[in-house]
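Student: Just the structure for this:
(chains A, B and C)
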Amino acid sequence: MRYWLFKSEPDEYSIEDLQQSAQQGTCWFGIRNYQARNFLRDELQQGDQLFFYHSSCKQPAIVGTASIISHSYPDPTAYDPQSSYFDIKSTPEQPRWFATDIQWRSTFHQPVTLAAMKQHPALNGMFLIKKGNRLSIQPVSEAEWRLINALGEAS
DNA sequence: GCCAACGTTGGC
DNA sequence: GCCAACGTTGGC
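Tutor: So this is what the prediction gives:
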C-alpha cells in the first residue's frame, strides 16, 4: 500500500463534494500532465490512500484523506469532443490519459496548511514543499502520512 | 494581478 | 536534439 497526494481546486471540487459522493465514489479525471499520468497509470493501486489537498485558494492545505477504490482506466473525457479535456491523440487503442476512482475517508479536524508544512522540519523533503513542484498527483512517504494525519486530527 | 517555476511546442 | 517562445500552475 502506498500513499499519495491529490490536488483539487475547492471551487471545482472540494472535500465536501468528495464526502457527499462517499457512497458511490468519485471518478478522478482530467489529469493532463505526463508525470502525474505515470503515477496514476503505473503506480497507483486499489487500496492506496491519499491526502486531499485544496490548491489555488485562500488557504492551501491538506484537508482530509481518501482511498483509491479502482484500478486506473482510460480517461473517458479524453474521448469526448465536448469536454475541455478532449485530446484527439488519445484513442481506445492507445489511451494517453487515465483516471481512477477515489472515495472519501476522512475530513481533518484541522486542515494542515501549506504554511504549516513548510515550517515543519520533518516535512522539508516533501514533494509538495520542494520548490516549484506543481504536480497534481504526487507520492507521500509513510512517515509524512503518519505525521500529517496526526497534525490534522489534533485539536 | 504578479511572477517564478515548470512543461510543451515547434522551428531549425 | 537544442532552445526560444509560449502556456499553465499556483502561491502570494
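Student: for chain A, which spans come out with low pLDDT?
Tutor: For chain A, applying pLDDT under 70 flags the ranges A:131-132, A:155.
Student: again, only this time at 80
Tutor: Scanning chain A with the threshold set as pLDDT under 80 gives A:131-133, A:154-155.
Student: For it, what lies in contact range of DNA strand C?
Tutor: A:7, A:9, A:32, A:55-57, A:60, A:114-115, A:118, A:134-136 (Cβ under 7 Å from any atom of the strand). Bear in mind the C-beta positions are built from the backbone N, C-alpha and C, glycine included.
Student: Give me the helices and strands touching the longest strand along chain A, please.
Tutor: As assigned by DSSP state E, the longest strand anywhere in chain A is strand A:98-113. Applying 3 or more Cβ pairs under 8 Å, 6 or more residues apart in numbering; DSSP states H and E, we find strand A:98-113 packed against helix A:15-20, strand A:26-28, strand A:49-54, strand A:61-68, strand A:73-74, helix A:142-153.
Student: quick revisit: also within reach of DNA strand B: list those from the residues of chain A next to DNA strand C.
Tutor: Answer for the residues of chain A next to DNA strand C near DNA strand B (Cβ under 7 Å from any atom of the strand): A:Arg134.
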